[in-house]
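Q: sequence plus predicted model, see below.
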Amino acid sequence: MKKLIVVLVIIGLLITTPIFAQEKPTRLYTPVTKQATYTAAQTNTTIWTPTAYDSIVCSGYIISTNRQQPIIISASDTVVHLYATSSPIVSPASFLWKGLALETLRITTTTNDVSVTLFGWEEDN
């Protein structure tokens, strides 16, 4: 009787295991680093455009410039960050910005010689 129960339990496990097995996600996010250097003033110049229907999650940035000037990083009508300082500027450890689907990040500067590096990832929507 005990052997019959053990055999039935093993058969039950073999039959039901595929039902409970979960597939691993094929893509949770895509790591991204965007870098741009400008030698002239910029006005709403796109730095980062997400791929098909994704959202940008910017987890940090490094900005360098050779002179004090306002540097605006924006998305749609929202100013993500505004700086008026010399370099380098590194994002705070707590910085995290998430955009809407297909929302781009842009930069505006008043003078030349600006280098910007943004890093984060793109999420499926």
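A: Looks like it arrived, so ask away. Residues are numbered from 1 along each chain as shown.
Q: quick one, strands of this structure?
A: Along the chain, counting by DSSP state E, strands occupy 29-38, 45-48, 55-65, 69-75, 78-85, 89-90, 97-101, 105-109, 114-123.
Q: and those strands as a markdown table, adding mean pLDDT and mean neighbour count?
A: To be clear about C-beta, it is placed using only N, CA and C from the backbone, and glycine gets the same treatment. Converted to a markdown table, these look like this (pLDDT from 0 to 100; neighbours: other Cβ atoms under 10 Å):
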| stretch | mean pLDDT | mean neighbour count |
| --- | --- | --- |
| strand 29-38 | 89 | 14 |
| strand 45-48 | 93 | 18 |
| strand 55-65 | 89 | 19 |
| strand 69-75 | 86 | 18 |
| strand 78-85 | 77 | 13 |
| strand 89-90 | 82 | 14 |
| strand 97-101 | 88 | 16 |
| strand 105-109 | 91 | 20 |
| strand 114-123 | 90 | 20 |
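Q: spatially nearest residue to the residue nearest to the spatial centre of the chain (excluding sequence neighbours)?
A: By Cα atoms, centre = their mean, the chain has its centre lying nearest to Trp121, at 2.5 Å. Excluding its sequence neighbours, the residue lying closest to Trp121 (Cβ to Cβ, 6 or more residues apart in numbering) is Tyr29, at 4.1 Å.
Q: next up, the contacts around the one you found.
A: Tyr29 makes contact with 57, 121-124, according to Cβ atoms under 8 Å, 6 or more residues apart in numbering.
Q: is it in a bridge, and if so with what?
A: On the basis of DSSP bridges, Tyr29 is bridged to Glu123.
Q: off-centre distance for stretch 118-125?
A: 3 Å (Cα atoms, centre = their mean, to the nearest Å).
Q: so what touches it?
A: 27-35, 47-48, 50-51, 53-61, 73, 98, 101, 105.
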